[in-house]
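Asker: What follows is a predicted structure for the sequence shown.
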Amino acid sequence: MSAASPDHDAADVEPTDLPAATLAGVDLRVGCYGIVHDERGVLLAHWREGAYGGWTLPGGGMEPGEHPEQTVVREVKEETGFDVRVDGVLGVGSIIIPGAKRIPGPGRDLQGLRIVYRCTIVGGALAVEQEGTTDDVRWFALDEVAGLERIELVDDGLRYAGLAPPTDDDGRAPAWS
């Protein structure tokens with residue numbers, strides 16, 4: 001995965017490993033995610049799609065015509081029940097998912113552009129999304145995150161926010177995403 005954030009120079013970002021001719025057959029998905037962190041900890045959503053799942057940042061895919069900030073506000077509300085204010089972009093990452101690993105099943109290769117924002121709660125109440133792919137939402141102390149089965153986006157987002165990225169017991173961040 002490649003990432004650019006205030007701590008990364010664009011020259012340090014690794015290019016995609018797909019040949020240029022292959023990129024014409026790649027789907028693109030823009031996702032917008034929120035880091036919500038306060039005295040309760042960090043707010044995470046549990047994503048579930050079929051047999052796959054894990055803890056992730058609240059957020060999701062941008063709709064056509066939608067501004068990325070509108071996307072993160074809408075998605076955080078849908079998945080967590082909270083209304084948020086967007087306080088700025090923390091980082092932008094890109095991930096390539098080979099078609100054979102796409103969920104729910106094989107398809108075309110996918111490039112996910114992931115924009116992570118710092119968000120502050122301004123209203124609402126904790127609630128789990130109904131009829132979506134989020135099946136739980138919780139606050140976690142930062143030191144609890146390392147023990148969670150999580151998407152690598154959580155580690156990226158915490159790093160973008162200047163919070164210590166969690167590690168597994170052996171000191172390595174999880175490899176799965």
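Answerer: Okay, I see it.
Asker: CA atoms for contacts and neighbours, from now on please.
Answerer: Noted.
Asker: Give me the sheet partners of the helix or strand where His37 lies and which way each runs.
Answerer: Here His37 sits within strand 27-38, counting by DSSP states H and E. Sheet pairing of strand 27-38 (DSSP bridges) gives strand 41-49 (antiparallel), strand 59-61 (antiparallel), strand 110-124 (parallel).
Asker: And the contacts of the shortest one?
Answerer: To tie it back to what came earlier, the one meant is strand 59-61. Arg29, Val30, Gly31, Cys32, Tyr33, Gly34, Thr71, Val72, Glu75, Val76, Glu79 (CA atoms under 8 Å, 6 or more residues apart in numbering).
Asker: Buried ones in that strand, by neighbour count?
Answerer: With burial defined by 16 or more other CA atoms under 10 Å, the residues of strand 59-61 counted as buried are Gly59, Gly60, Gly61.
Asker: With the longest one instead?
Answerer: Of all the residues in strand 110-124, those buried under the rule 16+ other CA under 10 Å are Leu110, Gln111, Gly112, Leu113, Arg114, Ile115, Val116, Tyr117, Arg118, Cys119, Thr120, Ile121.
Asker: still on that earlier bit, could I get the buried residues of strand 59-61 in CSV, plus columns for pLDDT and distance to Val42?
Answerer: Output for the buried residues of strand 59-61, formatted as CSV (pLDDT from 0 to 100; distance: CA to CA, whole Å):
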residue, pLDDT, distance to Val42
Gly59, 98, 14
Gly60, 96, 17
Gly61, 96, 21
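Asker: Which helix runs longest in this protein?
Answerer: Across the chain, the longest stretch assigned as helix under DSSP state H is helix 68-80.
Asker: Look up the closest residue to Gln111, ignoring the ones flanking it.
Answerer: In this structure, Gln111 finds its nearest non-sequential neighbour in Ile96, 4.5 Å apart by CA to CA, 6 or more residues apart in numbering.
Asker: Verify the stated contact: the one you found with Arg114.
Answerer: No. If you go by CA atoms under 8 Å, Ile96 and Arg114 don't touch, sitting 11.1 Å apart.
Asker: Flag the shaky bits of this protein, pLDDT-wise.
Answerer: 1-23, 165-177 (pLDDT under 70).
Asker: before we move on, back to that, for the longest helix of the chain, name the packing helices and strands.
Answerer: strand 27-38, strand 59-61, strand 82-97, strand 134-140 (3 or more CA pairs under 8 Å, 6 or more residues apart in numbering; DSSP states H and E).
Asker: now do 10 Å
Answerer: strand 27-38, strand 41-49, strand 59-61, strand 82-97, strand 110-124, strand 134-140 (3 or more CA pairs under 10 Å, 6 or more residues apart in numbering; DSSP states H and E).
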